[in-house]
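J.: Attaching a predicted model along with its sequence, questions to come.
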Number of protein chains: 2
Amino acid sequence: MLKIAVDAMGGDFAPEVNIVGAYEVAAENEIEVILVGDENKIRKFIPEKGNLKGKISIIHTNDQILMDENVSSAIRRKNTSMRKAIELVREGKAQAVLSAGNSGAMMALSFLLLGKLPNVERPAIATVMPYLKGYFILLDAGANVDCKAEHLVQFAYMGDAYHKALFNSQSPRIALLSIGEEQTKGNEATKEAFKILKNSSLNFIGNIEGKDIFFGLADVVVCDGFVGNIVLKVGEGLAEALMKMLKREITELITGRIGYMMIKPAIKSFRKKVDYSEYGGALLLGIKGTSIICHGRSTTKAIRNAIKVAAEMARKEIYKTIQQSLQSREDINESKNSSNRLLCS
Amino acid sequence: MLKIAVDAMGGDFAPEVNIVGAYEVAAENEIEVILVGDENKIRKFIPEKGNLKGKISIIHTNDQILMDENVSSAIRRKNTSMRKAIELVREGKAQAVLSAGNSGAMMALSFLLLGKLPNVERPAIATVMPYLKGYFILLDAGANVDCKAEHLVQFAYMGDAYHKALFNSQSPRIALLSIGEEQTKGNEATKEAFKILKNSSLNFIGNIEGKDIFFGLADVVVCDGFVGNIVLKVGEGLAEALMKMLKREITELITGRIGYMMIKPAIKSFRKKVDYSEYGGALLLGIKGTSIICHGRSTTKAIRNAIKVAAEMARKEIYKTIQQSLQSREDINESKNSSNRLLCS
């Protein structure tokens, strides 16, 4: 049975949602959850029917990393719930780890404790996003600001392997997020990455503009973590704002109020499709192991889904697929040279 | 009477929409429009009732810049409609210029021919965007990729002056678009700009995250042109995709189809609020004159509104307000030093 280590103390609604989510998932799936955190606090939230012998266990830690804590000092402390949870994966006592806590710390600690894959300079956060008729992968969604071309190229390879593993796809369409479709449009990093990707073995379809990502023109959208995080959050905020604006317009009409009642099930179904908590967390790509970063505002449902996703990722050992993909890069030497040239210019 | 020079040949639907838009605006406003472009082509689209003596004139040019043409070679040609239209402003024969053509060329030529304001290193494109209860200004929306901290600071000052002039505001809230609210979150350029803006005379409220821009937490949102352009286009694409997804969900229900009929007026009114063509074009800030960049896909309505916006900007001589604001910067020497430090580090 797969074992998933959960940082019970991480997230805006921790530890409650983490514990309830863990119990719900363990009850219905062949998954064992190890809750890591302050045992006294955890015990308070164990559901009444929570007697899941052999499927839930608790590992006590007396420290935790706060949401907005400075990463560099937080990751040095030895007995935090997040660190302990990741160590379980390193020691082979769990097959995956997840946390809804401080995402910078989660990334740094996963990187530090599990190690990075060969040919990866920086791990990336990959998120699954909905479009009109399916899903696409956006990466990096916030792990790395100020990326060089070579980092974007690595993200492309990792995204390719992740898409294949997640959706059983053959040749996902990889695109660079930029400000125009032409090769000449973009910033220094994207223009240089374009040249490298054009000659790679990937199914690279060129640049994609922001307006096209929600219409499924690419399966994997590559960008630096600063841009990716902003895109992710603009999407989240705009969807919420648009629904509010629309509702206000609708309920200003008398026919609108009746009409609104009639379309409410559709709105509910729609919201479900664009709700991040349906997809669980974001996978950290480029490290030796399965580490999932959840939204700080994760609900019980989000944690439940994230644990399921973590189990699936661990079962498929996606990080090994990514490793193989990166090792097969033919352009690696050439690209490293050009990246060095950039650094020196 | 204010004279507005219009690049008749620029835009995906040129010259028709430009000419029809110009005639509509000239008929109803105290505005004179100078259409610049191929006279034979322009004459084909003059409306039947288009006899507006003294309110419309044509200046013939036999060359034009194409939408996706390489900017550096395009701006060298001497007889393009875009160049000629901008020259009219330089020569004092028009008070503002607008084009829906190649936006890179429009920016470069405006900069080259009209000159930049003192204390401005790079002009920026400022767009007016709707939020839940009003409008905010986003800049730079695509003029400059790869910005340094000092550029972002200049954008903040220009955005401040623009907001004051446009909305008669006293002390607009200025924010940096970043990946977290804390000062420590962001890329190198935003973190450095944060330090400078914190000590400036502006009403700087700190970083804003992507999810908050559509809820009116800031009046002016500052970012580099790569990020700004992506945000703009993600917004555009997502709004369209969400409406399509919602409509599909609604019309899958029987009650939904009836409900949809009842809410249709609300959807129409909503679309009007989020439709870029309502706000005309985006103003180019930081140059000595009034230059408006329109969406390549501008319709007649968009051109009509853009000409009205151009006239208003010219009447208010906003570029002079921006000049005053930039000259009053107390931190300018300090900030230039710190920007130099960054360059050398």
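T.: Alright, I've got the coordinates. Residues are numbered from 1 along each chain as shown, chains lettered A, B, ... in the order given.
J.: And the one helix or strand A:I86 maps to, what does it pack against?
T.: Here A:I86, judged by DSSP states H and E, is contained in helix A:81-90. Packing partners of helix A:81-90 (3 or more CB pairs under 8 Å, 6 or more residues apart in numbering or on different chains; DSSP states H and E): strand A:2-7, strand A:31-37, strand A:96-99, helix A:103-114. C-beta: built from backbone N, CA, C; applies to glycine.
J.: got the contact list for the shortest one?
T.: I take that to be strand A:96-99. Contact with strand A:96-99 is made by A:2, A:4-7, A:10-11, A:82, A:85-86, A:88-89, A:106, A:110, A:281, A:289-294, A:303, A:306-307, A:310-311, A:313-314, as judged by CB atoms under 8 Å, 6 or more residues apart in numbering or on different chains.
J.: can you list the domains in chain A?
T.: What automatic domain parsing lists as the domains of chain A is A:2-121+A:279-319, A:124-275+A:324-344.
J.: Mind putting the ones you listed into CSV with distance to B:L177?
T.: CSV is the format used below for those (distance: least, CB to CB, whole Å):
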stretch, distance to B:L177
domain A:2-121+A:279-319, 19
domain A:124-275+A:324-344, 6
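J.: would you turn those domains into a markdown table with mean pLDDT?
T.: Output for the domains of chain A, formatted as a markdown table (pLDDT from 0 to 100):
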| stretch | mean pLDDT |
| --- | --- |
| domain A:2-121+A:279-319 | 92 |
| domain A:124-275+A:324-344 | 85 |
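J.: For the helix holding A:I86, C-alpha coordinates in PDB please.
T.: Extracted C-alpha coordinates of helix A:81-90, given in PDB (Å, rounded to 0.1, in the frame of the first residue of the first chain):
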ATOM      1  CA  SER A  81       6.500  19.100  10.400                       C
ATOM      2  CA  MET A  82       7.300  19.900   6.800                       C
ATOM      3  CA  ARG A  83      10.900  18.800   7.000                       C
ATOM      4  CA  LYS A  84      10.000  15.600   8.900                       C
ATOM      5  CA  ALA A  85       7.400  14.700   6.300                       C
ATOM      6  CA  ILE A  86       9.900  15.100   3.400                       C
ATOM      7  CA  GLU A  87      12.500  13.100   5.300                       C
ATOM      8  CA  LEU A  88      10.000  10.200   5.400                       C
ATOM      9  CA  VAL A  89      10.200  10.100   1.600                       C
ATOM     10  CA  ARG A  90      14.000  10.300   1.600                       C
END
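J.: and the angle for it with strand A:2-7?
T.: 160 degrees (axes from the mean of the first three to the mean of the last three CA atoms, to 10 degrees).
J.: quick one: helix A:81-90 to strand A:31-37, angle?
T.: Going by the same axes, to 10 degrees, helix A:81-90 makes 140 degrees with strand A:31-37.
J.: For helix A:81-90, which outside residues touch it?
T.: Contacts of helix A:81-90 (CB under 8 Å, 6+ apart): A:3, A:5-10, A:34, A:36-38, A:59, A:61, A:63-65, A:75, A:77, A:94-99, A:101-102, A:105-106, A:109-110, A:113-114, A:289-291.
J.: hmm, which of these are the buried ones?
T.: Using 16 or more other CB atoms under 10 Å in any protein chain shown as the burial test, the contacts of helix A:81-90 include A:3, A:5-10, A:34, A:36-38, A:59, A:61, A:63-65, A:75, A:94-99, A:101-102, A:105-106, A:109-110, A:113-114, A:289-291 as buried.
J.: In terms of helix, strand or coil, where does A:L176 fall?
T.: Under DSSP: H, G, I helix; E, B strand; the rest coil, the three-state class of A:L176 is strand.
J.: ok, now A:I59?
T.: strand.
J.: what residues are up against it?
T.: Counting by CB under 8 Å, 6+ apart, A:I59 has contacts A:34-36, A:84, A:88.
J.: Against B:A266, how distant is the spatially most distant residue from the centre of chain A?
T.: In chain A, the residue that sits farthest from the middle, by CA atoms, centre = their mean, is A:I254; the gap is 42.7 Å. Look at A:I254 and B:A266: by CB to CB, to the nearest Å, they are 11 Å apart.
J.: Show me the strands in chain A, by range?
T.: A:2-7, A:31-37, A:56-60, A:96-99, A:124-131, A:134-139, A:174-178, A:204-209, A:220-222, A:282-285, A:291-293 (DSSP state E).
J.: Reformat the ones you listed as TSV; add distance to B:C147.
T.: Formatted as TSV, these follow (distance: least, CB to CB, whole Å):
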stretch	distance to B:C147
strand A:2-7	37
strand A:31-37	42
strand A:56-60	47
strand A:96-99	34
strand A:124-131	23
strand A:134-139	23
strand A:174-178	16
strand A:204-209	19
strand A:220-222	21
strand A:282-285	28
strand A:291-293	28
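J.: for chain A, what's the longest helix?
T.: helix A:225-251 (DSSP state H).
J.: That one - contacts with which helices or strands?
T.: Checking 3+ CB pairs under 8 Å, 6+ apart, helix A:225-251 ends up next to strand A:124-131, strand A:134-139, strand A:174-178, helix A:254-274, strand B:174-178, strand B:204-209, helix B:225-251, helix B:254-274.
J.: Name the nearest residue to the residue sitting nearest the centre point of chain A, ignoring sequence neighbours.
T.: In chain A, the residue lying closest to the centroid (CA atoms, centre = their mean) is A:A282, at 1.5 Å. Spatially, and ignoring its direct neighbours in sequence, A:A282 is nearest to A:T127 (4.4 Å; CB to CB, 6 or more residues apart in numbering or on different chains).
J.: any idea how far that neighbour is from chain B?
T.: 13 Å (CB to the nearest CB, to the nearest Å).
J.: What residues does that residue make contact with?
T.: A:137-139, A:141, A:228, A:232, A:279, A:282.
J.: Please verify my assumption that A:Q327 contacts A:N119.
T.: Yes. Counting by CB atoms under 8 Å, A:Q327 does reach A:N119; the two are 6.6 Å apart.
J.: more crowded one of the two?
T.: A:N119 (18 against 12; other CB atoms under 10 Å in any protein chain shown).
J.: OK, contacts around that one?
T.: Going by CB under 8 Å, 6+ apart, A:N119 touches A:154, A:326-327, A:329, A:332.
J.: Neighbour-wise, give me the winner out of these.
T.: That'd be A:Q154 among the contacts of A:N119, by other CB under 10 Å, with 29 neighbours.
J.: burial of A:S328, as a residue count?
T.: The burial count for A:S328: 12, using other CB under 10 Å.
J.: Now the stretch 1-150 of chain A against chain B: closest residue?
T.: Of all residues in the stretch 1-150 of chain A, the one sitting closest to chain B is A:V145 (3.9 Å; CB to the nearest CB).
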